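Undergrad: what's the 3D shape of this:
(chains A and B)
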Number of protein chains: 2
Amino acid sequence: MTRLDSAIRRLLAQRACLDRAAALVAGVPGPVLELGLGNGRTYDHLRARLPGRDIFVFERRPAAHPDCTPPEDRLITGDFLDTLPHVQLPAPAALVHADIGTGDKQASLALARALAPLLPRLTTPGAILASDQPMPLPGWTEEPLPEGVAPGRYRLYRRAVGS
Amino acid sequence: MTRLDSAIRRLLAQRACLDRAAALVAGVPGPVLELGLGNGRTYDHLRARLPGRDIFVFERRPAAHPDCTPPEDRLITGDFLDTLPHVQLPAPAALVHADIGTGDKQASLALARALAPLLPRLTTPGAILASDQPMPLPGWTEEPLPEGVAPGRYRLYRRAVGS
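TA: Okay, the predicted model is just below:
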């Protein structure tokens, strides 16, 4: 598999998982948290799939095209490990998207371990976490991946409704 | 169509066109010219699809992972509009890949217009040009695109054998 093949598979997996996540939260009220804006590609996808939901984006250095940059009151600038513990959301989130991996596997896993314990405070029971990193959390269970998505390429977790 | 959809379509079109281009030059001897290295994704794809061909990469500021960076004697650093007119290839090229567009449509078209006249000196009759920009050249004809590639998303040109 070439790097071009690999990039295509990664984006197809990401789209399939975001579409699935959007469907899974159809009956779960609450905003969306997007961890990292990058070029705004997945932010644009999430706002198209979840019209009417507030999407709060956490980004260290916003640099996306203005068309794909959220309104100022929904863009939280800084390292999300610093900003997430203090953010006050209007309501607990229904969906968290964490595409946080870099080329450094150990650093990516460490970032996921640091992020995971911040999520319960910010989410509602029944919420979905879509992540490119493993992020096991007590009271959250892994959802099956969409067809065609190789195990481990993306992950979907659901917070138990009674948790 | 979201920006995520658009990125997926662009990469799928690119892969289909590179695969088609590789097939079209199966009987055409000569090296490959890759204009721009970027993260090395398409360089990696071309070397996998065309094993045994020298691939000369023209890149202003090489910054790809070492795994996806060509050997020093096949990496020509600088603006390709400056380096292409002077490069001495061991043989005329069978394939040129020009993924040169940026977000600025007019600048991309102007770059393609400046690049096109440099190609006849560097290519062999029967050569293929795969480009993300329109690049009409006298004596080159447009080849049909692979199935599923929207018109205009990529272009394949073949230099006439008698030219």
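
Undergrad: contacts, neighbours, all on C-alpha from now
TA: Fine.

Undergrad: Is chain B within reach of stretch A:43-58?
TA: Yes. In terms of Cα under 8 Å from any Cα of the partner chain, part of stretch A:43-58 sits within range of chain B, namely A:44, A:45, A:48.

Undergrad: What does the pLDDT read for the residue lying closest to the second one once chain neighbours are set aside?
TA: Okay, so that is residue A:45. What sits nearest to residue A:45 in space, not counting adjacent residues and going by Cα to Cα, 6 or more residues apart in numbering or on different chains, is residue B:2, at 5.3 Å. At residue B:2, the pLDDT value in this model is 96.

Undergrad: neighbours of residue B:2, just the number please.
TA: Residues lying near residue B:2 (other Cα atoms under 10 Å in any protein chain shown) number 16.

Undergrad: Just the buried positions in the longest helix along chain A, please.
TA: Counting residues, the longest helix in chain A under DSSP state H turns out to be helix A:3-24. Neighbour counts using 16 or more other Cα atoms under 10 Å in any protein chain shown place A:3-5, A:7-22, A:24 of helix A:3-24 among the buried residues.

Undergrad: what's the spacing between that helix and its chain's center?
TA: With Cα atoms, centre = their mean, to the nearest Å as the basis, the distance from the averaged C-alpha position of helix A:3-24 to the chain average is 12 Å.

Undergrad: What segments of chain A are helices?
TA: Across chain A, reading from the start of the chain, the helices by DSSP H fall at A:3-24, A:41-49, A:80-83, A:105-115, A:119-122.

Undergrad: Now tabulate those helices in TSV and tack on distance to residue B:152.
TA: As requested, these are arranged in TSV below (distance: least, Cα to Cα, whole Å):
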stretch	distance to residue B:152
helix A:3-24	20
helix A:41-49	22
helix A:80-83	40
helix A:105-115	38
helix A:119-122	44
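
Undergrad: Between the ones you listed, which one is closest to residue B:86.
TA: For the helices of chain A, the distance to residue B:86 is smallest for helix A:3-24, at 30.1 Å, taking Cα to Cα.

Undergrad: and the angle for that closest one with helix B:3-24?
TA: 150 degrees (axes from the mean of the first three to the mean of the last three Cα atoms, to 10 degrees).

Undergrad: I'd like to know which residues of chain A are adjacent to chain B.
TA: For chain A, the residues found near chain B under the criterion Cα under 8 Å from any Cα are A:2-5, A:8, A:11-12, A:15, A:40-42, A:44-45, A:48.

Undergrad: Tell me what residue A:143 is bridged to.
TA: As for beta bridges, residue A:143 partners with residue A:156 under DSSP bridges.

Undergrad: what's around it, how many residues?
TA: 16.
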